[in-house]
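Chemist: Build me a structure from this.
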Amino acid sequence: MLEQTKRILSDLIAFPTVSADSNLEMIAYLASYLQDCGAEVEVLADDTGQKANLFATLGPKVDGGIVLSGHSDVVPVTDQEWRSDPFMLDERDGRLYGRGTCDMKGFIAAAIAMAPVFARRVSDRPVHFAFTYDEETGCAGAAHLVQALKQRDISPRLAIIGEPTEMRIIEGHKGCYEYSTHFQGLEGHGSAPDQGVNAVEYAVRFTSRLLELKTQLTTMAPPNSRFQPPWTTVNVGALHGGSVHNIIAPKAQVDWEMRPVQDSDASFVKKALHVFCQDELLPAMRRVFPQAQIETEVIGEVVGLTPEDSNEARRLLMQLTGANRADLVAFGTEAGLFQSLGMDVVVCGPGSIAQAHKADEFIALDQLAECLELLDKLSLKLG
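Modeler: As a prediction, the model looks like this:
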């Protein structure tokens, strides 16, 4: 089974499914493979028709069962120095190199390789395969898929999100909310600052307020929070604006994110920034230029995975693997979206997040083998 998984992974890596580009060829490949295994397959295109989710089912058409989920998109390789072609699988020293090997086409390849086994063994509960688009840029594909499942009244009971965890069972992670705040001021000569509205200066004031909130959040960690760090974090990723030394910058943009440990923190930050812009920044800007604007664009608001006292998916994987604990992680996944449907969800997959998004991304062969062993045990459990 490992050799078959490697062959499938080689095919998947050859699809350059960077988030900015189409994933349709990879989805068609997966759909064909699953259909050959007897699965009922649905391909759900986005509004552009250039990207799609795949949802497929093996076994009886009843409620319940388990979802094996992964995202098809990968991050770019621009400006990275690779020892080999990032879109051609390269095996050396017990590792498989290529963009997406660990994040997260390795899990998808393993799940697909096991599909014929699931087809033979599952009897009373279905196994679903969910492969999404645009996880790396805000989880738009998973949000689309969740809405489609609601509309179709499809109610799986459990979900395994195969992000790279080195096969550790993960039961929780923070949310990931990403924004770009745009400032529209008034251009002018640098020698007459009172006759213009410098968008960069107001972007800096906005950023300073954001950093004040960042510090305040460190005092607001929930009691007994298991996250590291235990509070909601804020990060300013980029500030763009201006062109040359002597022109008042008419436009600026702040790219920022927060990772809430609780929904109330996200509401607190958004309200505080709204009040600051409406009561302080905009009045000052509009005294000079009435058309001045501050607008915040939502790039993505991905809910976290909330640890639950009772989690059947966690219990099942602990039983199958012999693990005696489940952990939390700092990185975000699509898991919270599946949890919002009422599923019990865990994140568990081959490879290390430390290799994700880097040049010479790889997955170790022993990690793939461990994943296949888990899926084999799962197929027997569902049989």
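Chemist: which residues touch residue 226?
Modeler: 172, 307, 328 (CB atoms under 8 Å, 6 or more residues apart in numbering). C-beta: built from backbone N, CA, C; applies to glycine.
Chemist: again, only this time at 7 Å
Modeler: For residue 226, the contacting residues are residue 328, by CB atoms under 7 Å, 6 or more residues apart in numbering.
Chemist: Okay, it and residue 307: tell me how far apart.
Modeler: According to CB to CB, to the nearest Å, residue 226 stands 7 Å off from residue 307.
Chemist: and the gap between residue 112 and residue 104?
Modeler: Distance from residue 112 to residue 104, by CB to CB: 13 Å.
Chemist: How about residue 190?
Modeler: For residue 190, the distance to residue 104 - CB to CB - is 49 Å.
Chemist: the more surrounded of these two?
Modeler: Taking neighbours as other CB atoms under 10 Å, residue 190 and residue 104 compare with residue 104 leading, 28 against 13.
Chemist: Would you confirm that the more buried one belongs to a strand?
Modeler: No - under the criterion used here (DSSP: H, G, I helix; E, B strand; the rest coil), residue 104 is helix, not part of a strand.
Chemist: so is the residue nearest to it when sequence neighbours are not counted in a helix, a strand, or just coil?
Modeler: Spatially, and ignoring its direct neighbours in sequence, residue 104 is nearest to residue 70 (4.9 Å; CB to CB, 6 or more residues apart in numbering). Here residue 70 is recorded as strand under three-state DSSP.
Chemist: mind listing what residue 70 touches?
Modeler: 104, 107-108, 131, 162.
Chemist: coming back round to it: touching both of residue 226 and residue 307, which residues are there?
Modeler: Between them, residue 226 and residue 307 share these contacting residues under CB under 7 Å, 6+ apart: residue 328.
Chemist: Now residue 106. Nearest residue, chain neighbours left out?
Modeler: Nearest one to residue 106, counting by CB to CB, 6+ apart, is residue 363 at 4.3 Å.
Chemist: With adjacent residues omitted, what lies nearest to residue 107?
Modeler: Leaving aside its sequence neighbours, residue 107 sits nearest to residue 162 (CB to CB, 6+ apart; 2.9 Å).
Chemist: What ranges does this protein have for its helices?
Modeler: Ranges of helices within the chain are 2-13, 24-36, 106-113, 115-121, 140-151, 199-217, 263-276, 282-286, 312-321, 335-339, 365-382, based on DSSP state H.
Chemist: So which of the ones you listed is the most surrounded?
Modeler: Comparing the helices of the chain by mean neighbour count (mean count of other CB atoms under 10 Å), helix 106-113 ranks first with a mean of 28.
Chemist: Can you spell out which helices and strands pack onto that helix?
Modeler: Other helices and strands packing on helix 106-113, by 3 or more CB pairs under 7 Å, 6 or more residues apart in numbering; DSSP states H and E, are helix 2-13, strand 66-71, helix 365-382.
Chemist: Off-centre distance for the longest one?
Modeler: Chain-centre distance of helix 365-382: 23 Å, with CA atoms, centre = their mean, to the nearest Å.
Chemist: what about that helix, average pLDDT?
Modeler: Across helix 365-382, pLDDT averages out at 96.
Chemist: so how many other residues sit close to residue 16?
Modeler: 17.
Chemist: Apologies, that question was intended for residue 245.
Modeler: Residue 245 - counted by other CB under 10 Å - has 6 other residues nearby.
Chemist: Same question for residue 61.
Modeler: Neighbour tally, residue 61, other CB under 10 Å: 9.
Chemist: State the distance from the residue nearest to residue 104 to residue 173.
Modeler: In this view, residue 70 and residue 173 are 16 Å apart by CB to CB.
Chemist: same thing with residue 77?
Modeler: For residue 77, the distance to residue 173 - CB to CB - is 26 Å.
Chemist: picking up where we left off before, right, so of the helices and strands packed on helix 106-113, which gets closest to residue 243?
Modeler: Within those, the stretch nearest residue 243 is strand 66-71; the backing value is 37.2 Å (CB to CB).
Chemist: Between helix 140-151 and the closest one, find me the angle.
Modeler: Put simply, strand 66-71 runs at 150 degrees to helix 140-151, going by axes from the mean of the first three to the mean of the last three CA atoms, to 10 degrees.
Chemist: Give the pairing partners of strand 66-71; include direction for each.
Modeler: The pairing partners recorded for strand 66-71 under DSSP bridges are strand 127-132 (parallel), strand 158-161 (parallel).
Chemist: Let me have those strands in CSV, extended by distance to residue 261 and mean neighbour count.
Modeler: Below are the strands paired with strand 66-71 laid out as CSV (distance: least, CB to CB, whole Å; neighbours: other CB atoms under 10 Å):
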stretch, distance to residue 261, mean neighbour count
strand 127-132, 25, 25
strand 158-161, 19, 26
